[in-house]
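Visitor: Fold the following, please.
(chains A and B)
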Amino acid sequence: MNVRLYVLQRASAAFMAPLLLIHLGVIFYASSRGLSAADILARTRGSLLWGTFYAAIVVAAATHAAIGVRVIASEWTRWRDDALQALMWACGLLLVALGLTAVAAVVLA
Amino acid sequence: MNGNRGQPQHAPNTSGHRHNTLWLAALLHRLSGLALAAFLPLHFLVFALVLKSEAALDGLLRWTANPAVKLAETGLVFLLTLHLLGGIRILLLENLPWFAGHKRLVAGALLTASMLALVFLVRAA
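Guide: Model (predicted):
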């Protein structure tokens, strides 16, 4: 892992930590009430705040996960650097695409 | 006479580090991270179901009331909490002067993650 990836990995973690604490709080709150699509959409639909919040988590989580998967693959396999790069980009782009689609679904739909 | 003259008496110990708490913490951090990374696409696909219809999402959310799914969700809460607290410990380790309590922090992270997962299970059940 080069310095740029290391800094991105740590910065995305530090950025995500408080957001994940809020996310865990929401999970605990929702778990006691029973989830329904109507409940979720009543909170998120048309909400710039929740849309920004979840989009930020998605981008940070995708960055963090992609670099993390690359690090683990470099430690546990003998893959060459170009294969590790391809794995990282595939993982990151997949997570960003699926994540932002999900955010758009619950905010804009 | 020693028939093994010239040969080492014992194989070098290359696995002793595996009994170290902080090595175990690093392994758990990687395993929990991998599990969360594998779960994320499914998590996103569930909410993208709204694009199909609200009823489709509701159908899947009803399925999550299944006890086996609740147990799996409890495991995810445990992994997320463990990875989050383990990550905060790494940030502290790398950005603050070294202090002696890192093994206690690892134990604390495991205990907190277990307790939160248990509370989640009780509330969700």
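Visitor: How about residues contacting the strand or helix carrying A:Asp39?
Guide: Assigning secondary structure by DSSP states H and E places A:Asp39 in helix A:37-44. Helix A:37-44 has contacts (C-beta atoms under 8 Å, 6 or more residues apart in numbering or on different chains) with A:30, A:33, A:50-51, A:54, A:106-107, A:109, B:47, B:50, B:54-55, B:57-58, B:61. To be clear about C-beta, it is placed using only N, CA and C from the backbone, and glycine gets the same treatment.
Visitor: Spit out the contact partners of A:Leu5.
Guide: By C-beta under 8 Å, 6+ apart, the neighbours of A:Leu5 are A:Ile67, A:Arg70.
Visitor: Give me the buried stretch members for the helix or strand hosting it, please.
Guide: When elements are assigned from DSSP H and E, A:Leu5 belongs to helix A:3-33. Across helix A:3-33, burial judged by 16 or more other C-beta atoms under 10 Å in any protein chain shown covers A:5, A:8-10, A:12-13, A:15-16, A:20, A:23-24, A:27, A:30-31.
Visitor: Looking at those residues, spot the one nearest chain B.
Guide: A:Ser31 (4.2 Å; C-beta to the nearest C-beta).
Visitor: Which pLDDT value does the model give residue 27?
Guide: Chain wasn't specified; assuming chain A. Per-residue confidence (pLDDT) for A:Ile27: 87.
Visitor: that's the wrong chain, I wanted chain B
Guide: 94.
Visitor: Please name the residues that touch the residue most central in space within chain A.
Guide: In chain A, the centroid-proximal residue (C-alpha atoms, centre = their mean) is A:Ala61; its distance is 2.7 Å. Taking C-beta under 8 Å, 6+ apart, we find A:Ala61 in contact with A:Ser12, A:Met16, A:Leu95, A:Gly99, B:Leu40.
Visitor: what about A:Ser36, how many residues close to it?
Guide: 15 (other C-beta atoms under 10 Å in any protein chain shown).
Visitor: try B:Lys52
Guide: B:Lys52, neighbours per other C-beta under 10 Å, totals 11.
Visitor: Now the phi/psi pair for it, please.
Guide: According to degrees, to the nearest 10, the main-chain angles of B:Lys52 amount to phi -80, psi -60.
Visitor: now do A:Trp79
Guide: According to degrees, to the nearest 10, A:Trp79 has phi -60, psi 150.
Visitor: For the nearest residue to it once chain neighbours are set aside, pull up the helix or strand it's in.
Guide: Spatial nearest neighbour of A:Trp79, excluding adjacent residues (C-beta to C-beta, 6 or more residues apart in numbering or on different chains): A:Ala73 at 5.7 Å. If you go by DSSP H and E, A:Ala73 is part of helix A:48-76.
Visitor: how far does the next helix or strand after that helix sit from the chain's center?
Guide: Sequence order places helix A:81-108 as the next helix or strand after helix A:48-76, per DSSP H and E. Offset of helix A:81-108 from its chain centre (C-alpha atoms, centre = their mean, to the nearest Å): 9 Å.
Visitor: how big is the angle separating helix A:81-108 from helix A:37-44?
Guide: Helix A:81-108 runs at 90 degrees relative to helix A:37-44, counting by axes from the mean of the first three to the mean of the last three C-alpha atoms, to 10 degrees.
Visitor: Please name every helix or strand in contact with helix A:81-108.
Guide: helix A:37-44, helix A:48-76, helix B:21-48 (3 or more C-beta pairs under 8 Å, 6 or more residues apart in numbering or on different chains; DSSP states H and E).
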